[in-house]
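J.: task: produce atomic coordinates for the following.
(chains A and B)
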Amino acid sequence: MKLHLAIEELHRSENHLAGALLAMSDRHKADHEVFHVARDIARWSQDHVRALADIGRDFGLDLDPEPKGDPTVLEKARQKASDLMGRSSTPGMLLLADLRHIYREASGTSLDWELLAQGAQGARKRELLQLAERCHPDTLRQVRWANGKLKESATQVLVS
Amino acid sequence: MTRIDRIAEPWGTRTPYGPGEQWPTRVDSHLAEGLTEADVDRWVQSATILHSNGDGLDIAVKDDRIVGVRGRAVDRVNHGRLGPKDLYGWQANHSPERLTKPLVRRDGKLVETDWDTAMDAVAGRAKELLAEQGPSAISFYTTGQLFLEEYYTLGLIAHGGIGTNHVDGNTRLCTATAAAALKESFACDGQPGSYTDIDHADVIALYGHNMAETQTVLWTRILDRLAGPNPPAVVCVDPRETPVARHATVHLAPRPGTNVMLANALLHEIIGNGWVDAEYVQAHAVGFEELVKRVENYPPEVAAEVCDVPVEQIREAARIIGTAERLLSTVLQGFYQANQATAAAVQVNNIHIVRGMLGKPGCGILQMNGQPTAQNTRECGADGDLPAFRNWSNDEHIADLARVWNVDPMDIPHYSPPTHAMQMFRYAEEGSIRFMWVQATNPAVSLPELGRIREILAQERLFLVVQDIFLSETAQLADVVLPAATWGEKTGTFTNVDRTVHLSEKAVDPPGEARPDLDIFIDFAHRMGLADRDGAPLVKWSTPEEAFEGWKECTRGRPCDYTGLSYDKLRGGSGIQWPCNDEHPDGTEHIYVDGRFWSDPSYCESYGRDLVTGAPLSPVEYKAMNPSGKAVLKAAEYVPPHEVISEEYPFQLMTGRTLYHFHTRTKTGRAPQLQKAAPEVWVEMAASDAADRGFTEGDLLEVSTPRGSVEAKLRISGIRPGAVFLPFHYGYWDEPAGHEPDGERGRAANELTITDWDPASKQPIFKTAAAAVKRLKKSDGPSPAPTTTGSRPVTGGVPPTTGGEPALSTEELTTVAGGAR
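T.: Numbering: from 1, shown residues only, chains lettered A, B, ... in the order given. Below you'll find the predicted structure:
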C-alpha cells in the first residue's frame, strides 16, 4: 500500500500552494482584490495541511500540522515593494505570471486529491475518502479563481 | 389640511390601515415661503430623486421658476406622500453656485469657456488615445442619478461605439450587491418584491436596512401598518439603534462583519425546525442539499458567540421568520457594504426560496437600491452590465445586441466581466486608463481611502472630465468641467426599486449654458464620428422620447420588457411596473409567480460567481448545475473580515447615511432646512464605551485608521458597544481648501475607510474598518447630529431637531376614487 506516499505528497503540495498564494498576495498589495482573496483562499490550503497531518498519523506518518510560515520580515518587504511599484504598469505582467503559476500549482494539487480519493476508495478507507471529498472542492475553487482572474486581467495588461 | 414641521416629524401624520386594505392617501406639499397653490402657474409631472423610492410628485412652477413640490395622490408608490429631502431639496436647483458655463484647465486653473472648445477638448483627447492605445485607455464613471435615456445612450456610445469595457457607475457603491445577489439566486436582476407587499405581509424583516432614513415614504407605509389592526411583526438586523430597531419585535445588533454567520444560523433554525416548503423547493429550486449541509455547521450558539447576539434572540427571529405566512424581506447597506456582501444578501433570498415565499401578495424580497435611477444604470448597461439584462458570457446575447445596435459583435467588448469601478481606479492608478469621464457623482468624497483617490484623480497623465451641476470636490480636480441640467430642467424616465417606471418632465430651463446630459452624450458621439456598420450615425436619436423608443426595442422579449410603455402612457396617472408588454399591458406587480424564473441557461443574465473568490461560473458549469431554469440556493461559508480590531485600533468603524442628506450633500447641503437639520459631521459611540473613556456628549474626537483621521463631535447613541459610526456625506466643497482636508485631519468619513470589496459584487466595504478614537477637546455643547433618527441621543440635554417656520409643510388627507392600486 502506497497511500502514505500520496498523503505525504499532498501535504507537501498544499503547503507549497499556501506559500505560493501568500507570496503572490504580498507581491500584489496594490491590487487589492488579489491581495485579499489570495490570503482568504491560502487559508483553505493551510486547513488541508492540518487535516492531512492529522490523518497521516493513521498511516504511520509524522507530518508537521503547522502550515509552513512565511517569514514576516520578508512578507513586509514584499508588501512595501509592491506598494511602491503600484504606480507603474509593469506589475501587470508579473500578475499574469503569478496567476499562471497558481493555476498550475493548484491544478497539480487537484490531481493529487484525485489520486488520493481513488486510492482511498480502492482501499476502502472511509475517513480518507471523506477528507478528499471535503477538501478537493476547495482546490478546484482555487484553480477556477486563478483561471478567472487571469482571464479578467489579461486583456488590459496585453493591449495597453 | 394641516401644517406640520417635516424636519421635526420626518414621517408625518399616521394614516393607519389593516392587512389587505388600501393604504390611505395623504398629499404632502411644500411651496416657497408666502406662496399658496393658487399662485402656481402650472404643475409638471415628475418623481423624487434624492433617494431610491420613486415617489410620484408634481413640480410647482411660477414665473418659469420652480417654487415647490406636491406628492401625486394617484401614484401607486407614495399615495401622495413625500419625504423631507423631496419637500425641501428642490431649492438647490436655484443655488447661485450652479455651474452655468463649461470650464477647461489653463495653466493649472479652471477657466470658463464655450461648449465647442470644451467638447473639442474632450473628443480630441479621446481620439488621440484611441489612436495611440485603443479603447482600453478610455473609461466612464457614471451615477445612479441620470435618466434611463441617458444611460442607454451612454452604454451604446461606450460599448457599441468606443468599444471599451470600462463603464461603471457609483451604483457600485450602493446597489451592486442587490444586482449580484439577485443574479446568484435567480440568475437575473429584477426585483422579486413589490412595495404593495407591505400591505399584505404579516412579517417584515429588514436586514441592514435603515428604511426609516433611506426610504422615508416606504417606512411611512410600514408605520401606518404598525398603527393599524393586525400589524406585522418586524425583525431588524442592525448594529445601530435605528428608528427601525425601535419599532422591531426583535432587534438583532450583530458585530459588524458577521452577517453570513447570522444568516446561516437563521437558516439553520428554519431548516432544522422544518419550516420549509418542501414541495416548492423540490419543484422550483436547486442546491437544497448543499445548503442543508452548509448551515448544519452554524447552530445559533456558534453565531451568538461570533456575532455577539443573545442566542434566544436568534431563535426568536428565526421562529418569527420561519412561521410567517406572508414574509417581506428588505436588504440594504448594512449587508451590501459589509464583509461578504453578496453571500449575506443571498442567504435572505435563500430564506424566501426554502419557505416558498415569492411571487404572491405579501411575499417579496426587496434587494434595495440607494439612488433614484440606480435600477436604470443596471438595466441600460451603464454599470458594466449589458443592456436589458443580456449576458456577457452568452455569445447569442451579444449577437442579438449587435443586431439591435447594427454593429459587429466583435465591437462589443465581452471577453471578460465588465470592469468595475474600483478596478477602473486601479487601472488609472497604474496608468493604463488615461481618460476618465465622471458624471453626476463625486468619487473624491464617496470612494474609500480618499488620500489614494485624490492622488489618482490629480495625476497629470489622467485626462479627467467631470459633468455635474456644481463644482464638486471631484470637479475641482478636472481637466474639463461640463455644466449639466438636472431634474426639473430636462425630460426623461426612471425606474425605482420595485420596477415602477416614472416620467419626469422638464419644468423650467437649465441655468446659463447648462445642458441636459443626453445632449452632451449625443454631441460627443457626433464629434467622435461614431457610426454603425452601415456608416450611419451610431446614436439614432436626438430627443429623450426617441431614445426611450430605441430602448424599448432593446428590451423586447427581455425580462425588463418596456415595449408596452410610452411617454403618453406614463403621463397623467401612476407610475407603471415593468415588465410591461402586450401580455402585461398594465405592468406586472409580481414576477416569479408560480416558481417561474428567468434562469434558463439560454435566457438568464448571469451564470453566477463563486461567493468567496468571485470567479465567474462558466456556461457549462451553470448548465450542469441549473439546466431547467429553477431558483438557485447558494450556500456560503463565513469568512472573517480582513481588517480586524487590535490594541492600537480597538473600534469597528461603520459609515452610513442620515435622513436629511443625500450622497455628498451637493444638493441637500444647499437646501436650508436640510442643511440646518444636520449641519456638520458627527461620530456615534455607545454609552458604555464613552463612559469607559470619560467622554461626554459633544466632546471633539479624533477618529483614525491607518489611512487617515477625521475630527467630529461625539454623539452618544444607541449604537452597539465596540462600534463607531460616521456619516459619509460631509466633504470639503463648503470648506476653505475646497476639495481636501484643510489641516492634518479631515471631515470626510472616507479618509478612513479601507480599499477592499466583495469579490462577487465588487461593492466596496464601508462597514468594517479598525479605528482608534481619542479626545481632542472637551465638550462645549452637544454634537449637531439629528435627534430624530439613528443618531438619537441616549443622554439628556440635547435640544430636539426641528425645522421651525421655514419647514412647515402641508398634509392633506383625502381619498381619491379609482386612485392607487
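
J.: how close does the one residue in the stretch 51-200 of chain B that gets nearest to chain A sit to A:Q156?
T.: Nearest residue of the stretch 51-200 of chain B to chain A: B:S136, at 4.8 Å (C-beta to the nearest C-beta). Just so you know, the C-beta spots here come from the backbone N, C-alpha and C atoms, and that holds for glycine as well. When distance is defined by C-beta to C-beta, to the nearest Å, B:S136 is 6 Å away from A:Q156.

J.: from memory B:R461 sits against B:R434, does it?
T.: Yes - counting by C-beta atoms under 8 Å, B:R461 touches B:R434, with 6.1 Å between them.

J.: the two - which one has more neighbours?
T.: Set side by side, B:R461 and B:R434 show more neighbours around B:R434, with 21 against 9, by other C-beta atoms under 10 Å in any protein chain shown.

J.: list phi and psi for the nearest residue to that one once chain neighbours are set aside.
T.: With sequence-adjacent residues excluded and distances taken as C-beta to C-beta, 6 or more residues apart in numbering or on different chains, B:R434 is closest to B:A137, at 4.6 Å. Taking degrees, to the nearest 10, you get phi -90, psi -10 for the backbone angles of B:A137.

J.: just give me the neighbour total for B:A137.
T.: Neighbour count for B:A137, taken as other C-beta under 10 Å: 26.

J.: what sits against it?
T.: Counting by C-beta atoms under 8 Å, 6 or more residues apart in numbering or on different chains, B:A137 makes contact with A:160, B:129-130, B:432-435.

J.: could the residues you listed go into TSV alongside pLDDT and distance to B:G161?
T.: Below are the contacts of B:A137 laid out as TSV (pLDDT from 0 to 100; distance: C-beta to C-beta, whole Å):
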residue	pLDDT	distance to B:G161
A:S160	86	19
B:L129	98	14
B:L130	98	10
B:S432	96	20
B:I433	98	17
B:R434	98	18
B:F435	98	14
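
J.: and the residue of the stretch 51-200 of chain B closest to chain A, how many neighbours does it have?
T.: Other residues lying near B:S136 total 24 when counted by other C-beta under 10 Å.

J.: that one contacts A:V157, doesn't it?
T.: No - counting by C-beta under 8 Å, no contact exists between B:S136 and A:V157, whose distance comes to 9.5 Å.

J.: spell out which parts of the stretch 501-650 of chain B neighbour chain A.
T.: Taking C-beta under 8 Å from any C-beta of the partner chain as the measure of proximity, the stretch 501-650 of chain B contacts chain A at B:610, B:612-616, B:639, B:642.

J.: quick check: the farthest pair among those residues?
T.: Using C-beta to C-beta, the two most remote members of these are B:P616 and B:H642, lying 21.9 Å apart.

J.: just to be sure, B:Y622 is in a helix?
T.: Yes - B:Y622 forms part of a helix when assessed by DSSP: H, G, I helix; E, B strand; the rest coil.

J.: let me see the mean pLDDT of whichever strand or helix holds B:L57.
T.: Using DSSP states H and E, B:L57 sits within strand B:56-62. Summarised as a single mean, pLDDT over strand B:56-62 is 98.

J.: now do the very next helix or strand once past that strand: which elements does it pack against?
T.: Toward the C-terminal end, the helix or strand that comes next after strand B:56-62 (DSSP H and E) is strand B:65-71. Helices and strands touching strand B:65-71, by 3 or more C-beta pairs under 8 Å, 6 or more residues apart in numbering or on different chains; DSSP states H and E, are strand B:25-31, strand B:56-62.

J.: give me the contacts around whichever helix or strand comes after strand B:65-71.
T.: Beyond strand B:65-71 on the C-terminal side, the first helix or strand identified by DSSP H and E is helix B:84-89. Counting contacts by C-beta under 8 Å, 6+ apart, the residues outside helix B:84-89 that touch it are B:6-7, B:10, B:28-30, B:48, B:50-51, B:55, B:57, B:69, B:216, B:659-662, B:667-668, B:671-674, B:677, B:807, B:809.

J.: send the alpha carbons of the one helix or strand B:V346 maps to over as PDB?
T.: With elements delineated by DSSP H and E, B:V346 resides in helix B:341-354, which encompasses its position. Once side chains and other backbone atoms are set aside, the C-alpha atoms of helix B:341-354 remain, and they are given as PDB (Å, rounded to 0.1, in the frame of the first residue of the first chain):
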ATOM      1  CA  ALA B 341     -21.900  41.300   1.000                       C
ATOM      2  CA  THR B 342     -23.300  39.000  -1.700                       C
ATOM      3  CA  ALA B 343     -23.100  35.900   0.300                       C
ATOM      4  CA  ALA B 344     -25.100  37.500   3.100                       C
ATOM      5  CA  ALA B 345     -27.700  39.000   0.800                       C
ATOM      6  CA  VAL B 346     -28.100  35.700  -1.000                       C
ATOM      7  CA  GLN B 347     -29.000  34.000   2.300                       C
ATOM      8  CA  VAL B 348     -32.000  36.300   2.600                       C
ATOM      9  CA  ASN B 349     -33.100  35.100  -0.900                       C
ATOM     10  CA  ASN B 350     -32.500  31.500   0.300                       C
ATOM     11  CA  ILE B 351     -34.900  32.100   3.200                       C
ATOM     12  CA  HIS B 352     -37.600  33.100   0.700                       C
ATOM     13  CA  ILE B 353     -36.900  30.200  -1.600                       C
ATOM     14  CA  VAL B 354     -36.900  27.500   1.100                       C
END
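
J.: mind listing what's buried along whatever helix or strand comes next after that helix?
T.: Once helix B:341-354 ends, the next helix or strand along the chain (criterion: DSSP H and E) is strand B:364-367. When neighbours are counted by 16 or more other C-beta atoms under 10 Å in any protein chain shown, the buried residues of strand B:364-367 are found to be B:364-367.

J.: what packs against strand B:364-367?
T.: Counting by 3+ C-beta pairs under 8 Å, 6+ apart, the elements that strand B:364-367 packs against turn out to be helix B:176-186, strand B:327-331, helix B:341-354.

J.: out of those, the one nearest B:F695 is which?
T.: helix B:341-354 (31.7 Å).

J.: chain B contacts on chain A?
T.: Applying C-beta under 8 Å from any C-beta, one finds that chain A approaches chain B through A:30-33, A:36-37, A:39-41, A:86-89, A:91-92, A:141-142, A:144-145, A:147-149, A:151-152, A:154-157, A:159-160.

J.: for chain B, what lies in contact range of chain A?
T.: Residues of chain B lying near chain A by C-beta under 8 Å from any C-beta: B:133-134, B:136-137, B:165, B:415-417, B:419, B:422-423, B:426-427, B:429-432, B:610, B:612-616, B:639, B:642, B:755-757, B:759.

J.: measure how buried residue 58 is and give me the count.
T.: If you meant another chain, say so; for now it's chain A. Using other C-beta under 10 Å, the number of residues around A:D58 comes to 13.

J.: think we crossed wires, I meant chain B
T.: Using other C-beta under 10 Å, B:D58 has 21 neighbouring residues.

J.: secondary structure element holding the closest residue to it other than its chain neighbours?
T.: Among residues not flanking B:D58 along the chain, B:W43 sits closest, at 4.0 Å (C-beta to C-beta, 6+ apart). Here B:W43, judged by DSSP H and E, is contained in strand B:42-47.

J.: how far out from the middle of the chain is that strand?
T.: 24 Å (C-alpha atoms, centre = their mean, to the nearest Å).

J.: next, the angle strand B:65-71 makes with it.
T.: Calculated by axes from the mean of the first three to the mean of the last three C-alpha atoms, to 10 degrees, strand B:42-47 forms an angle of 60 degrees with strand B:65-71.

J.: disregarding residues adjacent in the polypeptide, which is nearest to residue 110?
T.: Unless you meant another one, I'm taking chain A. Once its chain neighbours are removed from consideration, A:S110 has its nearest residue in A:T139; the separation is 4.6 Å (C-beta to C-beta, 6+ apart).

J.: let's do chain B instead
T.: The shortest distance from B:L110 to any residue that is not its chain neighbour, by C-beta to C-beta, 6+ apart, is 4.3 Å, and that residue is B:L103.

J.: need the contact list for the one you found.
T.: Applying C-beta under 8 Å, 6+ apart, we find B:L103 in contact with B:110-113, B:118, B:478, B:480-481.
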